[in-house]
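> Just to be clear, the model below is a prediction. Sequence and coordinates:
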Amino acid sequence: MTTAVPETIASNLREGGPHPLGATWDGSGVNFALFSANATKVEVCLFADGGAREIERIELPEYTDEIWHGYVPDLGPGTVYGYRVHGPYEPEAGHRFNPNKLLLDPYARAHIGSLTWDAACFGYTLDSPDLDLSFDPRDSAPFVPKCVVIDPDFDWRGSRDRHPVAFDRTIIYEAHVKGLTMRHPDVPEYARGTYAGLATQQVIEYVKSLGVTAIELLPVHSFLDDGHLLEKGLTNYWGYNTIGFFAPDPRYAADRARSLQEFKEMVARFHDAGLEVILDVVYNHTAEGNERGATLSFKGIDNASYYRLMPDQPRYYINDTGTGNTLNISHRRVLQMVTDSLRYWATEMHVDGFRFDLGTILAREPGGFDVESGFLKACGQDPILRGVKLIAEPWDCGPGGYQVGEFPPGWAEWNDKYRDTVRDFWRGEAPAAALAHRLTASGDVFNHNGRKPWSTVNFVTAHDGFTLCDLVSYNEKHNEANGEDNNDGSSDNRSWNCGAEGPTDDAAIVTLRERQMRNMLATLLFSQGTPMVLAGDEFARTQNGNNNVYCQDNETTWFDWDAVAAHRPLTEFFRKLTALRDRYPILRRTRFLTAEYNEEYGVKDLTWIDAGGSEMQQQNWEDPGTRCFGMLIDGRAQTTGIHRRGSDTTLLLIFNAYHDVVEFSLPPCVGAVGWKLLVDTNTPDLGIDEGSVFEIGATYDVTAYSTLLFAIEPEHPD
C-alpha cells in the first residue's frame with residue numbers, strides 16, 4: 001500500500017544524516033542517504049498513484065563523506081520514490097550520469113512496479129551511430145520500477161527462537177519459491193508461487209517429513225527479466241539478475257504491497273518447524289549489463305565506483321561473470337553495501353545462511369582471487385555473519401576462477417568434483433579410487449587449516465543441469481524450448497540413459513533407472529560432508545531433458561505433485577536415508593577420515609575392503625576395472641580432539657558399479673558377530689529395521705549397480 005504525499009514539502013526539508021544509507025522512516029519523517037563519489041547533485045523524486053505520477057523533486061541538501069542526504073518530515077511508510085543523479089556523462093572516463101533516468105535506491109527495502117523495456121531506460125540513444133557515447137534525454141520514470149519506504153516492524157515473538165542447526169547435521173534442500181508451490185493442490189490458488197504459498201502448513205510439513213534441515217531458495221532479491229527473453233515469450237525464472245540487494249522480489253508475494261511482511265512470515269513458519277532458510281544470493285553482478293545495457297540504478301548513481309571497469313578503457317566493463325558487468329567489491333562503499341545487505345537479511349529477515357553465486361568474484365581483488373580479500377576478511381570478523389552459514393560457489397569465468405577448496409576456514413563450498421565423480425562412477429567412467437576421495441569429504445581438497453568435513457557441500461544435481469530423473473534418462477540435453485537451437489546449457493552432463501533416450505516402457509530400463517536414482521541418493525546421504533539435494537529428486541521430478549531451465553517459468557519447472565504419489569517408494573527411500581544419517585553420527589563425522597592406524601586404540605577409522613573381504617591393496621586401487629568395493633567406518637575410532645575411544649556404531653558401505661552381480665565376502669570386525677543389512681538399493685522396500693543379519697565371512701550377492709549399508713551386530717548388545 002502506498003501513502004499520499006503532500007503536494008509541496010521541499011520547504012520543510014532538513015539536512016538529515018549520512019547514515020544509515022537508504023530511506024529510513026523514524027516515525028516522523030524519512031531520511032534519505034545515497035552514496036555517490038562522483039555526482040554533482042542528487043534529487044529524490046516522490047510519486048503518487050502507486051508510482052504512476054511524479055509529484056515532487058527534492059534536491060538533497062547535504063554531502064558528507066561522499067554521501068548525499070536530506071530529511072523530509074511527514075513522509076512515512078508506503079512513500080514511493082526514486083533518484084535522479086546529476087554528474088558528468090563521460091563514458092570514456094567511466095561516468096554515465098543522466099538525470100533523465102529514474103534510479104532505484106541500492107538500499108531500498110521494497111520495490112513496486114515492473115520494468116517495461118523501452119528505449120528511454122537506456123542512458124544513451126539506442127539507434128545513435130555513437131552508440132553508448134551518445135546521450136538520451138528521455139524520462140525513464142514511466143517504464144521502471146520504483147522504491148517504497150517501509151515500516152520494518154514485525155512481531156517475531158510469535159515464532160520460536162532460532163536454534164541454528166550444526167553444519168555437520170545439515171541437509172540442504174535446494175528449491176524455487178514458485179516452482180515448489182505453483183501446482184500444489186493444498187496451496188490456495190491466490191498463494192501459489194509465492195512466499196505465502198511456501199509458508200503453507202502442508203508444504204512445510206512435506207519438506208520437514210523428508211528429513212532435511214534447511215531449504216535453500218533460488219534468488220529472491222528483486223531481479224529483472226531480460227528483454228531478449230521477453231521477446232521470446234520467456235522470463236528469467238531462476239532470478240540471477242539482481243537489481244536490488246535489500247528488497248524481496250514482489251513477484252513472489254501474494255500481496256505485493258506486503259512483500260516484506262510476507263517474506264518474514266514465511267521464514268517464521270519454517271523456523272517454527274525447526275527448518276533453516278538459506279538464500280542463494282547474487283552479489284557478483286547486476287541486471288544493468290555492460291556499456292550497452294540499461295541505466296536503472298548503480299550505473300547512473302556512480303558507475304565508476306560500483307563496477308569493475310577496464311583500467312585502460314573505463315568505457316568498458318570487466319566481465320568475470322559472463323553477464324556483462326562485475327560489481328567492484330574492492331570499493332569500500334560497494335563492500336559496505338554487500339555486507340550491509342547480508343546483515344540485513346540475517347538480522348531483520350532472520351535468514352540462516354547464504355549461498356554465494358560465483359563466489360570467487362567476491363574474493364577477487366585487482367590481482368585476482370585473494371583469500372585475504374576485503375570481502376572474506378569482512379565476513380570473517382563480522383559477529384553477525386560469523387554466526388550464519390556461508391556457502392560459496394567457488395568458481396567464476398574469469399582468470400583463475402576455479403577455487404574449490406581455497407576459501408578460508410568457516411566457509412562451506414559447493415563441490416563439483418563430488419558431483420562429477422559420483423556421476424562418472426555410477427555410469428562406469430570413474431574408478432573406485434576417484435570415488436573414495438569424494439566419499440570421505442574430499443579430504444584431498446578440504447582437509448587443511450582446521451577445516452571440517454562439512455566444508456564440502458556434496459551434490460549430484462542442482463538447479464543448473466539435469467534433475468536426478470533426467471540424469472538417468474538422457475544422454476544428451478534437450479533444450480529446444482529455450483529458443484537457442486539447443487546450444488545453451490552444458491553438454492558435459494556425465495549422464496547415462498540406461499539404454500533409451502527419454503521416457504520408455506522397457507521394464508528393465510525403468511528398473512535400472514530407479515535403482516540408479518537410489519544409488520546416487522544413497523551415495524550422497526552416506527558420504528561425509530554436507531549433502532544438498534535438488535528439490536523434487538526425491539520423487540523423480542523431470543524437466544524432459546532440459547538442463548538449463550533458467551527461462552522456463554511453466555510446467556517444465558513447476559512441481560507436478562501428482563508425481564509424488566506415483567513415485568512414493570522413491571520418496572520413502574529418501575526419508576529412510578535421511579533417518580539413517582540422523583541415527584548414525586559416524587556418517588557425518590566432524591573429523592576427516594584418514595584410514596591411518598591409531599596405535600593408542602589399535603584401530604583405523606576407515607578400512608577399504610575388496611570383494612574378497614580383505615583390505616584393499618595398491619593394486620586394487622590402480623586397477624581401472626575395480627568397480628565394486630567396501631568402506632568400513634570403525635565406530636571405535638577417536639571422534640574429536642579429545643583422546644577417547646569412540647562409541648559409534650561401526651558401518652560397512654558397499655558400492656557396486658559393475659554391470660553384473662558381485663559376490664562380496666562380509667569382512668571381520670572386532671566385537672562383531674555379524675552384519676545387519678540396513679540398505680540394499682536393489683530392495684528399496686526394506687524397512688529401516690527389517691534387514692537380516694549375516695555372519696562374518698558370509699557371501700552377499702551384490703546386484704549390479706547397487707549400494708548397500710550394513711551395521712555391526714555386536715557380540716554383547718546393550
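Looks like it arrived, so ask away.

> from here on, contacts and neighbour counts on C-alpha atoms
Noted.

> ok, Asp186 touching Glu205?
No. Counting by C-alpha atoms under 8 Å, Asp186 does not reach Glu205; the two are 11.6 Å apart.

> Asp320: neighbouring residues, count only.
22 (other C-alpha atoms under 10 Å).

> Please identify which helix or strand holds it.
Using DSSP states H and E, Asp320 sits in no helix or strand.

> Name the nearest residue to it, sequence neighbours excluded.
Among residues not flanking Asp320 along the chain, Gly398 sits closest, at 4.3 Å (C-alpha to C-alpha, 6 or more residues apart in numbering).

> On the three-state scheme, the one you found is what?
What DSSP: H, G, I helix; E, B strand; the rest coil gives for Gly398 is coil.

> just checking, it touches Ile318?
No. Using C-alpha under 8 Å, Gly398 is not in contact with Ile318; the gap is 9.2 Å.

> Name the residues of stretch 141-161 that come out as buried.
Neighbour counts over stretch 141-161 (16 or more other C-alpha atoms under 10 Å) mark Ala141, Pro142, Phe143, Val144, Pro145, Lys146, Cys147, Val148, Val149, Ile150, Asp151 as buried.

> same deal with stretch 93-104?
Using 16+ other C-alpha under 10 Å as the test for burial, stretch 93-104 gives Gly94, His95, Arg96, Phe97, Asn98, Pro99, Asn100, Lys101, Leu102, Leu103, Leu104.

> Likewise for stretch 172-180?
Neighbour counts over stretch 172-180 (16+ other C-alpha under 10 Å) mark Ile172, Tyr173, Glu174, Ala175, His176, Val177, Lys178, Gly179, Leu180 as buried.

> Pull the contacting residues for Tyr71.
Residues counted as contacts of Tyr71 (C-alpha atoms under 8 Å, 6 or more residues apart in numbering) are Leu13, Arg14, Glu15, Gly16, Gly17, Gly29, Val30, Asn31, Phe32.

> Which one (most neighbours) among these?
So for these (other C-alpha under 10 Å), the most neighbours sit at Phe32, 26 neighbours.

> Surely it touches Gly22?
Yes. Taking contacts as C-alpha under 8 Å, Phe32 lies within contact range of Gly22: 5.7 Å.

> so Ala611 makes contact with Pro667?
No. Checked against C-alpha under 8 Å, the pair Ala611 and Pro667 is beyond contact range at 9.2 Å.

> Now do the shared contacts for the two.
Going by C-alpha under 8 Å, 6+ apart, no residue sits against Ala611 while also sitting against Pro667.

> Could you measure from the nearest residue to Arg518 once chain neighbours are set aside over to Ala711?
Distances taken as C-alpha to C-alpha, 6+ apart place Thr681 nearest to Arg518, at 6.0 Å, with adjacent residues excluded. According to C-alpha to C-alpha, to the nearest Å, Thr681 and Ala711 sit 16 Å apart.

> So for the two, which residue has more residues nearby?
Thr681 (24 against 21).

> and the more buried one, what does it touch?
Arg515, Arg518, Asn519, Ser706, Thr707, Leu708 are the contacts of Thr681 under C-alpha under 8 Å, 6+ apart.

> so, if you compare these, which one comes nearest to Thr116?
Arg518 (45.8 Å; C-alpha to C-alpha).

> Quick one: neighbours of the closest one, just the number.
So Arg518, with other C-alpha under 10 Å, has 26 neighbours.

> helices or strands up against the strand or helix carrying it?
Using DSSP H and E, Arg518 falls within helix 507-526. Helices and strands touching helix 507-526, by 3 or more C-alpha pairs under 8 Å, 6 or more residues apart in numbering; DSSP states H and E, are helix 416-426, helix 468-471, helix 568-583, strand 706-714.

> Since that was my last question, I'll sign off now.
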